[in-house]
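Coordinates for the following, if possible.
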Amino acid sequence: MNFTRIIDSIISRTLAALFFALPLFFLPFTTDRFDFNKQMLLVGVTSLLLLAWIAKFILQKTVRLTITPLTLPLSLFTAITFASFLIQAPNRVEALMGRPATLLALFLLSLIATANLNTAKQLRHLLVGLTASAVVLSTLAVYQFFGLPLITFTPAGSPLALLTFLAPALGISVYSALKSASVTKAVWLVASAVIIFGAGVTAYQIMPGKPASPVLLPYSAAWAIAIDGFKSPRTASLGTGPDNFLAAFSQNRPASFNLTPNWNLRFTTGSNELLNLLATTGLLGLLAWIFILFTLFKLLFTPRSPASPAGGSSRSDGNAIAAAITIAFLIQLFLPANLVLLITGYWLLITYSLYLKLIDHPQVHDVVLRLFAAQVIRPDTSYAQVQRTIQNTEVLPWIVGVPVTAAILALWYFGLARVYAAERLFQQSLTALKNNQGTQTYNFQVEAIRANRFIARYHRAYATTNLVLANALSQQGQELSTQDRQNVTQLIQQAIREAKVAAGLNPQDPANWETLANIYRNLINVAAGSDNWAIAASAQAAQADPLNPRLRLDLGGVYYATGRYDEAIRAFQQATELKPDWANAYYNLAAAYQAKGDTKQALNQLQTVLRLVDPASADYQKALTEFQALQEKAGGPQPSPAPAQVSLQSPSPTPSPNPGFGNITLPESASPAGLINP
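Got it, this is the predicted structure:
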């Protein structure tokens, strides 16, 4: 039995199946049903294919790689991404689970495919698998568009992700339909028609004004964010780290962004892939991406001779792939690369590398690596016997295979299994929360953190759950038992601890500090020192996101609630400076002036509020009533309103403790001074 041929067949069939299945793959067991499960499938299948390739090394007693013109730029891009991840990522474990792991898997997949696929038939299987997946997704999109039951989502993850996948696949199907023989032309024509229809209805769904229309960061803001990273040599060269655009957005977005309709949103990707790479992997990452593009288009536009008979691949295969690659990279000039588009782009590069191999491109080479073991022989041993001895004592496949196999097994046990288990447990906690099952929510979140303690959002959610349970338990009766008081105190301490763990995992994420500040704020009037701790945590949130007016409003709210009106006025003024058209900031500023006793300034701020709100709204009547009441004290002209649409909210008061609970004393370790490592 020829085990090498069996391994080749397994690799070829698995790759074709992966090309078909991955865009369709999703599971309902995790918080992210789509991208997370696609990534787990990609990493898992790649690791299994790597094991099969290692087994082939050992059987052939040779380590053999196929080097194509795209190998160097792809390896360089992967290496720079990992350098950025290792140096810049605030939470390396969580960051590794994102783009670094995906790019490494895709790079290994490119090495495996180019080294083990050798026929035009195998290449066409990959192209057919990708196109067949696009046909299935298009059919589902049309089915959903006409409102038929059962299908209420796209397995691609989002309509925009679906469209960015269908467009390159359409390039393959249309070109293949034009150049195929009559036998297969009809099949390609039907596939093209289905994909066109699916792409059409998807494009209609994401048009501006439609419910599924994507919200993208304005190009001007993304450009300002990327360029602002050049203030530091480190971020200029390596960015803020892969999948860490939020840090660049929070620190570097321009003040003008606060005047846009989406000012209160936080963006995790840039406006297009170039600006996204420049912000997250720096100039080195962008140059590596451009190197891929330059190498690729140099290959595409260099005149080629027809394929050699030995290759067995037609020129139309290469042209179809070239059309798809061009579309995929053009999309990235206008949109950030979602996971499906990123994987599709790499797959197209893999198929084009294989095509270059099949047409015997002069820059495609096989590299054979060997490391012979030393062996004592007799002096009269012939040269032929020496060669046979060397061949039989080749050890490099074992040197490569054993540690890589051990690493893959460790990846499966400590990585994929635990990461997936944690996501599943966290999803179960959210389901329990939705069903108002507090105890089950608590227990599932505990198990999720035990499975993977490096995810900040697990700790944030667990902190909030502890606080909610503490509040619920403290409100059960007028007089709490000693045990109940101990339980409430323990839940509060756990809430603080978990929020601090989240902030320690990623101090650059303002959401972690907001969670900690909210917990402290809820403890004002319950635990001594909580007011100062809430102010400190709110200030940290504002420092992590310095141009966010909402965080200044929240900080001012804490000052206001604790009677520190001068500090509240300064914070509310900062909010109005950051967003001059935000009526609620002026409304809170008026409340702070009124509480301080400065009626004149309160009237001035209410006048501004009345100019910003819609005269037909309830908010206008609310502000006008307060204005008229203050006018009786200070007098003044009636304001001239201008139409707008806002929602006015006064600074929130601090919560009052249950009379039967009283005050508690928290240890100094509960302060935000020292963060906790998981």
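
Got the confidence number for the residue most central in space within the chain?
Centroid-nearest residue in the chain, with Cα atoms, centre = their mean: residue 243, separated by 5.5 Å. In this model, residue 243 is scored at 91, pLDDT.

domains for the protein, by residue range?
3-369, 563-651 (automatic domain parsing).

thinking again about what came up before, please tell me how far the residue nearest to the centre of the chain sits from residue 504.
Separation of residue 243 from residue 504 (Cβ to Cβ, to the nearest Å): 19 Å. Backbone N, C-alpha and C define where each C-beta goes, glycine included.

quick one: low-confidence parts of the stretch 351-500 of the chain?
Along the stretch 351-500 of the chain, segments meeting pLDDT under 70 span 370-401, 413-414, 477-478.

Am I right that residue 118 falls within a helix?
No. Checked against DSSP: H, G, I helix; E, B strand; the rest coil, residue 118 lies outside a helix; its state is coil.

So what's the residue count around it?
17 (other Cβ atoms under 10 Å).

Residue 411 now?
15.

Is it correct that it is in contact with residue 47?
Yes. The pair residue 411 and residue 47 passes the contact test of Cβ atoms under 8 Å, sitting 6.1 Å apart.

if we can go back for a sec, could you identify which of the domains of the chain has the lowest mean pLDDT?
Lowest mean pLDDT of the domains of the chain: domain 563-651, a mean of 84.

quick revisit: can I get the domains of the chain in CSV including distance to residue 490?
Putting the domains of the chain into CSV (distance: least, Cβ to Cβ, whole Å) gives the following:
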stretch, distance to residue 490
domain 3-369, 27
domain 563-651, 30
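
So which of those is nearest residue 445?
Among the domains of the chain, domain 3-369 comes nearest to residue 445, with 12.1 Å by Cβ to Cβ.

where's residue 65, which helix or strand?
strand 63-67 (DSSP states H and E).

The closest residue to residue 536 other than its chain neighbours and residue 62: what is the separation?
Closest residue to residue 536 apart from its sequence neighbours, by Cβ to Cβ, 6 or more residues apart in numbering: residue 672 at 5.1 Å. Residue 672 sits 59 Å away from residue 62, going by Cβ to Cβ.

Between the two, tell me which one has more neighbours.
More neighbours surround residue 672 than the other of residue 672 and residue 62, with 22 against 15 (other Cβ under 10 Å).

Just confirm that one is within a strand.
No. Assignment of residue 672 by three-state DSSP gives coil, placing it outside any strand.

What segments of the stretch 301-450 of the chain are strands?
Taking DSSP state E, counting those that start in this stretch as the test, the strands found in the stretch 301-450 of the chain are 365-369.

check contacts around residue 185.
Residue 185 is in contact with residue 177, counting by Cβ atoms under 8 Å, 6 or more residues apart in numbering.

same thing with residue 161?
34, 154, 338-341.

What are the buried residues along the helix or strand where it lies?
If you go by DSSP H and E, residue 161 is part of helix 159-179. Within helix 159-179, the residues scored as buried using 16 or more other Cβ atoms under 10 Å are 159-177.

Next: stretch 560-568.
560-562, 564-565, 567-568.

so residue 195 makes contact with residue 166?
Yes. Using Cβ under 8 Å, residue 195 is in contact with residue 166, at 5.5 Å.

Find the residues that touch each one of the two.
134, 138.

Residue 63 versus residue 366, what's the distance?
11 Å.

first vs last residue of stretch 29-41, how far apart are they?
14 Å (Cα to Cα, to the nearest Å).

And that stretch, what's buried?
For stretch 29-41, by 16+ other Cβ under 10 Å, it's 30, 33-41.

Identify those among the residues you listed that sit within helices.
Secondary structure assignment by DSSP state H places 35-41 of the buried residues of stretch 29-41 in helices.

so which of these comes closest to residue 552?
residue 35 (33.5 Å).

tell me which residues in stretch 476-484 are buried?
480, 484.

coming back round to it: toward the C-terminus from the helix holding residue 161, list the very next helix or strand.
Immediately after helix 159-179, counting by DSSP H and E, sits helix 182-205.

Just want the angle from that following helix to helix 159-179.
Taking axes from the mean of the first three to the mean of the last three Cα atoms, to 10 degrees, one finds helix 182-205 and helix 159-179 inclined to each other by 150 degrees.

could I have helix 182-205 exported to PDB, CA atoms only?
The C-alpha trace of helix 182-205 is given here as PDB (Å, rounded to 0.1, in the frame of the first residue of the first chain):
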ATOM      1  CA  SER A 182     -19.500  23.500 -24.200                       C
ATOM      2  CA  VAL A 183     -19.900  20.600 -21.900                       C
ATOM      3  CA  THR A 184     -19.100  22.600 -18.700                       C
ATOM      4  CA  LYS A 185     -20.100  26.100 -20.000                       C
ATOM      5  CA  ALA A 186     -23.800  25.600 -19.100                       C
ATOM      6  CA  VAL A 187     -22.800  24.700 -15.500                       C
ATOM      7  CA  TRP A 188     -20.600  27.800 -15.100                       C
ATOM      8  CA  LEU A 189     -23.300  30.000 -16.700                       C
ATOM      9  CA  VAL A 190     -25.900  28.800 -14.200                       C
ATOM     10  CA  ALA A 191     -23.500  29.200 -11.300                       C
ATOM     11  CA  SER A 192     -22.700  32.800 -12.500                       C
ATOM     12  CA  ALA A 193     -26.400  33.600 -12.800                       C
ATOM     13  CA  VAL A 194     -27.100  32.400  -9.200                       C
ATOM     14  CA  ILE A 195     -24.200  34.300  -7.800                       C
ATOM     15  CA  ILE A 196     -25.200  37.500  -9.700                       C
ATOM     16  CA  PHE A 197     -28.700  37.200  -8.300                       C
ATOM     17  CA  GLY A 198     -27.400  36.600  -4.800                       C
ATOM     18  CA  ALA A 199     -24.900  39.400  -5.000                       C
ATOM     19  CA  GLY A 200     -27.600  41.700  -6.300                       C
ATOM     20  CA  VAL A 201     -30.100  41.100  -3.500                       C
ATOM     21  CA  THR A 202     -27.300  41.400  -0.900                       C
ATOM     22  CA  ALA A 203     -26.100  44.700  -2.400                       C
ATOM     23  CA  TYR A 204     -29.700  46.000  -2.200                       C
ATOM     24  CA  GLN A 205     -30.000  45.000   1.400                       C
END
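
Identify the residues contacting the next helix or strand after it?
Note on helix 182-205: by DSSP H and E, the next helix or strand toward the C-terminus is helix 219-228. For helix 219-228, contacts defined as Cβ under 8 Å, 6+ apart pick out 248-249, 251-254, 256-257, 260, 270-272, 275-276, 278-279.

10 Å instead, please
216-218, 235-236, 239-240, 245, 248-257, 260, 262, 267, 269-272, 274-280, 282-283, 286, 334, 336 (Cβ atoms under 10 Å, 6 or more residues apart in numbering).

Can you select the buried ones from the residues you listed in ChimeraX?
To isolate the buried members of those in ChimeraX, using 16+ other Cβ under 10 Å:
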select :216,217,218,235,236,239,240,245,248,249,250,251,252,253,257,267,269,270,271,272,274,275,276,277,278,279,280,282,283,286,336
